[in-house]
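K.L.:
Build me a model:
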Amino acid sequence: MRVVIAEDSVLLREGLRRLLTEAGCEVVATVGDGPSLVEMVVEHRPDVSVVDVRMPPSHRDEGLRAAISARSRVPGSPVL
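P.N.:
Numbering: from 1, shown residues only. Alright, predicted model coming up:
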């Protein structure tokens, strides 16, 4: 399974990468902001994206909005 991780905390992002890799997933990209998530989903077309809802700059709903944008650019792209 090909995965993109979007998490602004480096510690959590790298921890998720390690857990998923050890579970047999291929982490194709890790990003720390919403716009980068959209770019990586379009570029890699992952099987799933794991997304933090609250991301910079306001830490309110940037991750959620980026996930919606990514799904509109790559219809049907699963997001957790």
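
K.L.:
Now stretch 16-32: average pLDDT?
P.N.:
Stretch 16-32 comes out with an average pLDDT of 98.

K.L.:
Buried residues in that stretch, which are they?
P.N.:
Across stretch 16-32, burial judged by 16 or more other C-beta atoms under 10 Å covers L16, R17, L20, C25, V27, V28, A29, T30, V31, G32. For glycine as for every other residue, the C-beta is placed from the backbone atoms N, C-alpha and C.

K.L.:
Greatest separation within these: which pair is it?
P.N.:
Farthest-apart pair in the buried residues of stretch 16-32 is C25 and G32; separation 19.3 Å (C-beta to C-beta).

K.L.:
about what we covered before: among the buried residues of stretch 16-32, name the ones in helices.
P.N.:
Counted as lying in helices by DSSP state H, out of the buried residues of stretch 16-32, are L16, R17, L20.

K.L.:
could I get the buried residues of stretch 16-32 as CSV with distance to D47?
P.N.:
Output for the buried residues of stretch 16-32, formatted as CSV (distance: C-beta to C-beta, whole Å):
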residue, distance to D47
L16, 15
R17, 15
L20, 11
C25, 9
V27, 11
V28, 9
A29, 13
T30, 15
V31, 17
G32, 21
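
K.L.:
Out of those residues, which comes closest to P46?
P.N.:
V28 (5.8 Å).

K.L.:
Contact partners for the closest residue to that closest one other than its chain neighbours?
P.N.:
Once flanking residues are discounted, V28 sits nearest to H44: 4.4 Å by C-beta to C-beta, 6 or more residues apart in numbering. Contact analysis of H44 by C-beta atoms under 8 Å, 6 or more residues apart in numbering lists R2, V4, V28, A29.

K.L.:
List the residues that contact the second one.
P.N.:
Looking back up the chat, that one is V4. 27-31, 37, 40-41, 44, 46, 48-50.

K.L.:
what about 10 Å?
P.N.:
27-31, 36-37, 39-41, 43-51, 70, 77, 79 (C-beta atoms under 10 Å, 6 or more residues apart in numbering).

K.L.:
and those residues, which of them are in helices?
P.N.:
Within the contacts of V4, residues falling in helices by DSSP H are S36, L37, E39, M40, V41, E43, H44, A70.
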